[in-house]
Every structure is written in structure tokens, then in C-alpha cells.
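Chemist: Kindly return the folded structure for what I paste below:
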Amino acid sequence: MKGKIKLLLAIGLLGIIVVGCSNSSGKDELNMDNTQKTTEMSSKTNQSSNNIVLTEETQRVDGKEFTITAKASNLKVSNDLTLPVWTFNNSVPGPEIRVKVGDTVKINLKNELEEPVSIHWHGYPVPNDMDGIPGVTQDAVVPGKMFMYQFKATVPGTYWYHSHQDSVNQLDKGLYGSLIVEDPKDSYDRDYTLVLDEWMSSGSRDMETNTSDSSQSNKSMQGMDHSKMNMKGMDHSQMSMSGMKDHDMSMYDLYTINGKTGDAIDKLVVKEGEKVRIRLINAGYLTHTMHLHGHEFKVVASDGQSVNSPAVITDQGIAIAPGERYDIEFTANNPGSWLLEEHGREDRVKNMRVVISYEGSTLQTDSSNASEQLPQFNLLKYGKQVDTKFSLNQSFDQDVQLNLNTEMKDGEMVYTINGKVFPNTDSIKVDKGEKVKVTFVNQSKTDDHPMHLHGHFFQVLSKNGQPLDGAPVIKDTLNVKPGEEYVVAFEADNPGDWMFHCHDLHHASAGMVTEVMYNDYKTNYTPDPSVDNKPE
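Modeler: Residues are numbered from 1 along each chain as shown. Okay, the predicted model is just below:
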């Protein structure tokens, strides 16, 4: 597998991408907020004056039975900047799927692209045959075909979905959306989902440019092979140590929230006295540190899992690594206009900010302090302890160590687990019911490794030899920074063959993948050799 990058097209690539609205049996259950509206826009209302078809607003839908269509389109991230993208249902993010605990979810994936696609339900413990991994659990859905994903919603929380076919490339092009499983015990006046991402502005097109033949431009976009790019073209599979000092991600210069950047990002409207929940999902490959201005708040969940007795905090930066989710809650008790913004010293962070706007308020707009260094929120010391399934001093059926590293092999930079690259990494073989302890050690000099386990949750037991002294931390994605060591544990309670990989997908596509494989698991799936399955 080769590392790949964000969709990069030559400036001047133009065309009409013919897009039809997909049929949906889902109905909206919740009141639509400013950033999440159900739209049924015609192709005429969705075209610019020069006939470039644009994406639609993200739908919030009842996902108990729904059709998602993968198709090409153009994302207008700001008034003067448009990116050619791949979409689910002609929006980036794709539909926000809302279900309740106990619902049976049926999602039909229809492919109108020119390459195979799939859907992986990130963080959700679906049955193995619904995990969406081409060549492992299913064949990728080839152009013109359809596949139905079906599973029961058993665990509440904030999750997301994305293509896992050539995922470093396809997720980068826009093939992702959110999955919200509602807890009947939760009640909010406003419930917003913010999907964070980053792009390369060099893939943009000027909306004032004249169009050219649509079929040629569409083929150019869909046929571009990002693995062939050199260092200046940002091919991560061909980076050299001397030229890169590990993993340079500076080419991602355009940051978005829900597919828009800077002033184009829709405001989050609230009324004084309302209880507000904001779900933050990082669909990109960089960590984003977010700061809520003007309010006390609680971090009520991480990776969909509730935090026990969350404390009220203020003016802390929440670092959200690739694949992670954090849910925050606050009471709208400070009228005005306030920012929820990324903090950092680089210019590119300035466009990842959204305004929280009180209805009827005429108070002065808040000012950014994005360059200020804030205290960092520490999930490992947050909330209150409670009895849990695992502890450091118990016995485990297996004790696995995963040394994560950045290395040069055969002249190429690769990302290794115990000195090996996938598919030659050593899989973790388990029996159902086993309790497994895993130690992550990040030996890379500068690279973070957000490690993601499919099909299971794991409990974080210690960091750098120190046990946690806050609430239990249950996650599916854990960011391991250079020099750090974490001990986690999981129960083998979901039979199948499961991927375990870094969710900086450049790292995964260049080797940092292993598998958790159940010894007695038997599958009826046999890969079709005619399908170009690319699990990473």
C-alpha cells in the first residue's frame, strides 16, 4: 500500500459534474439547526452561474433505513474557493445519521463514482461482516453497484463513518459523515455536530473561471493517482528522512468545519438559558486544539463514551487527534457572540473557528486569541474514579507490546509496528472472552500515532507508567505522542478479523497496521479477485 494525500488537481480543472439527488427513506427527527438542515435542492439551485454543480447542505436524517450515494461534486468552502470532491449524497460531510439505542440500522451504499468504495463505521462495535474493510470483511462496492450495511445500535454516543477503500485517499477527498446514536437519557436544547478537516488549497478552482467539458474534467478528477506524486507533490510514500524530518503535513493549509472555512462557517445559534451540546469529530490527519470562549463547560464524552462526573472547566484547549471525538456541554448564560476556535501559532489555524451567536443579542463580537497558549485539557485526570472492568494489577490472558516507529526501508519512509510493515506485521490472535493488555510505545522522533482498534473499545490504564487518577477512560482511538507509553486493555467480545492501525492514514497506508484475529472465527466471505480491494 502506498501513502497518498489530499485531492490535488491542477488549477484550471473545470467542468460540470452531473449530480442527481438520491432517494431517501429517512425522515428528520430533530429540529434543524443553522448548520444542519434538510435540503432538497434542485440541480439548478445547486449550480453556480458557470454551471459547476456544487454540494448541498449536510442532511440530518433518521438512519434506520437510508440510502447513501457516493458521487463526485464541488465543495464551495468559501465565497471565492471551491474544491473538487467526492461525497456521500452530494455533501461534505455526508448525511448526519441519527438513530436511537435499540434501532436496527440499514444503510444502502450506492456507488456512482468511477472507483470502488466502502463504509467503515468508525468506533462502532458492528458485526465483523459490517465493518466495511475491502478484502477483509467485504468486497469494495464497485461502480454502479450497491451494498447494504445492517447492524443494531447498542451503544450511544458520537461516532462517524468513512470509506475504508484506499482510505487515505478517499477520506481525504470528502467521503465521510457522522453517526450519532442517541441516549434516551440525554436531553439538549441544541445539539450540534462539528466535523473538523484539512485540505490543500492548491486543489481549488476559481468560481469565476469559465467551464470546460464536463466528462473530461470528471474523469481527470476521479482518475488522479496521488500515490504517483513526488515530494513536491506531497507523496507520503516517497518521503525521505533527510528531506522531511519525518512527516511534514504543512501542505494541508486549508482548515474546515463541516466543509466550510473561516467566515463561511455557519454560526451556531443559541438562546439564553439553553443547554447546548457540541460534538467535535476529527476527520482529518492533524490534531486540532479547540477552545470555547466565554463559557464554562464540561467534557461529557470521549470517543462516544460518557465521562463519569465531569467537572466544570473553562479556558482549556481540547486537543482532538485524528479519528477522535469529544463532546462538550455548556449552558448558554453569557449573551453575545463567542468563538469556538482552534489555537496555534500557524496562519492556517485562523480559519478553523465558528461563532456561537445568541438570538436577539446585539453585544459586541468576541475577539480571537488563537495564538495564546492555553492550559491543555487532560482527559486522564478528569472526572471521578469508579470501578471498572480492568486494572493494572489484574492478570491478563495476553500481554502485547506494540512499538511504533518511523523508519527507512529500501529507500522509502515507512511506519512500523515492532519493526515490521503491514501485511507482514504480527497479528494479535485471541480467543473469545480473553482479556488482552496492549502497551503502545511511540519510538518515532516527531510523529504522533493515533491508534484505532476496530470493533472494540479499550480502557486506558496508564500513561508513562503512571495509573490514571480521574474517571475511567474508554476509547477506540488513542493518540500516542513521541516518547510516550500507554497501557490499555480490551476484552475480546466481538468475533472477527479486525484492523488495528494508526489513524493518520498516511502512516497506515505506509505500514502501521496490524490485526486482531479471533482463532475460531469463520467467515463466509471470499474476496473477489476481480475487485481492486484496498483495505488501507
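
Chemist: Return the set of buried residues in stretch 188-206.
Modeler: Residues 190-205 are the ones in stretch 188-206 that count as buried (16 or more other C-beta atoms under 10 Å). Glycine gets a C-beta too; all of them are placed from N, C-alpha and C.

Chemist: all strands of the stretch 301-450 of the chain, in order?
Modeler: 305-306, 318-320, 325-331, 337-342, 353-358, 398-409, 412-417, 428-430, 435-442, 449-453 (DSSP state E, counting those that start in this stretch).

Chemist: so what does the longest one touch, helix or strand wise?
Modeler: Contacts of strand 398-409 with other secondary structure elements, assessed using 3 or more C-beta pairs under 8 Å, 6 or more residues apart in numbering; DSSP states H and E, are made with strand 412-417, strand 428-430, strand 435-442, strand 449-453.

Chemist: Repeat the analysis, applying 7 Å as the threshold.
Modeler: The contact analysis (3 or more C-beta pairs under 7 Å, 6 or more residues apart in numbering; DSSP states H and E) places strand 398-409 against strand 412-417, strand 435-442.

Chemist: ok, and which of these has the densest surroundings?
Modeler: strand 412-417 (a mean of 23; mean count of other C-beta atoms under 10 Å).

Chemist: and of the buried residues of stretch 188-206, the nearest to residue 460?
Modeler: Of all those, residue 196 has the smallest distance to residue 460: 22.3 Å, by C-beta to C-beta.

Chemist: List phi and psi for the closest one.
Modeler: Here is the backbone geometry of residue 196 (degrees, to the nearest 10): phi -90, psi 140.

Chemist: Residue 128 too?
Modeler: Dihedral angles (degrees, to the nearest 10) for residue 128: phi -60, psi -40.

Chemist: Could you shift the numbering so residue one becomes 254, and keep it that way?
Modeler: Sure, I'll start counting at 254 from here, so that last one is residue 381.

Chemist: Does it touch residue 749 like I think?
Modeler: Yes - between residue 381 and residue 749 a contact is recorded at 2.5 Å, counting by C-beta atoms under 7 Å.

Chemist: Return every residue with contacts to both of those two.
Modeler: Jointly contacting residue 381 and residue 749 under the rule C-beta atoms under 7 Å, 6 or more residues apart in numbering are residue 708.

Chemist: re the thing from before, turn the helices and strands packed on strand 651-662 into CSV, including mean pLDDT and distance to residue 590.
Modeler: Below are the helices and strands packed on strand 651-662 laid out as CSV (pLDDT from 0 to 100; distance: least, C-beta to C-beta, whole Å):
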stretch, mean pLDDT, distance to residue 590
strand 665-670, 96, 42
strand 688-695, 98, 40
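
Chemist: For these, give me a markdown table that also has distance to residue 421.
Modeler: Converted to a markdown table, those look like this (distance: least, C-beta to C-beta, whole Å):
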| stretch | distance to residue 421 |
| --- | --- |
| strand 665-670 | 12 |
| strand 688-695 | 20 |
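
Chemist: what about these, which gets the closest to residue 682?
Modeler: Nearest to residue 682, of the helices and strands packed on strand 651-662 and by C-beta to C-beta, is strand 688-695 at 10.2 Å.

Chemist: Return the list of strands paired to that closest one, each annotated with direction.
Modeler: strand 651-662 (parallel), strand 738-744 (antiparallel) (DSSP bridges).

Chemist: Need the residues that contact the first one.
Modeler: Just to be clear, that refers to strand 651-662. With C-beta under 7 Å, 6+ apart, strand 651-662 has contacts from 494, 499, 666-671, 681, 683, 687, 689-698, 700, 702, 733, 765.

Chemist: what angle sits between that strand and strand 702-706?
Modeler: Relative orientation of strand 651-662 and strand 702-706, computed by axes from the mean of the first three to the mean of the last three C-alpha atoms, to 10 degrees: 130 degrees.

Chemist: Please apply the same query to the last one.
Modeler: When the same axes, to 10 degrees is applied, the directions of strand 738-744 and strand 702-706 differ by 10 degrees.

Chemist: can you list contacts of strand 738-744?
Modeler: 642-643, 645, 649, 688-694, 706, 709-717, 731, 733.

Chemist: So for it, mean pLDDT?
Modeler: Averaged over strand 738-744, pLDDT sits at 98.

Chemist: repeat for the first one
Modeler: Regarding strand 651-662, the rounded mean pLDDT is 97.

Chemist: Then stretch 402-412?
Modeler: 98.

Chemist: Mind listing what's buried along that stretch?
Modeler: Neighbour-count burial for stretch 402-412 [16+ other C-beta under 10 Å]: 402, 404, 406, 409-412.

Chemist: and which of those is nearest residue 597?
Modeler: residue 411 (23.6 Å).

Chemist: Regarding the closest one, which helix or strand does it belong to?
Modeler: Residue 411 belongs to strand 410-415 when assigned by DSSP states H and E.

Chemist: Packing partners of that strand?
Modeler: By 3+ C-beta pairs under 7 Å, 6+ apart, strand 410-415 packs against strand 373-375, strand 429-435, strand 528-535.

Chemist: Okay, now the sheet partners of the longest one, with direction.
Modeler: Paired with strand 528-535 in the same sheet, following DSSP bridges, are strand 443-452 (parallel), strand 578-584 (antiparallel).

Chemist: Let me know the angle separating the first one from strand 410-415.
Modeler: For strand 443-452 against strand 410-415, the angle by the same axes, to 10 degrees is 40 degrees.

Chemist: and strand 443-452, how far out from the chain's middle?
Modeler: 10 Å (C-alpha atoms, centre = their mean, to the nearest Å).

Chemist: okay if I get the strands paired with strand 688-695 as JSON lines plus mean neighbour count?
Modeler: Shown next, in JSON lines, are those (neighbours: other C-beta atoms under 10 Å):
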{"stretch": "strand 651-662", "mean neighbour count": "17"}
{"stretch": "strand 738-744", "mean neighbour count": "21"}
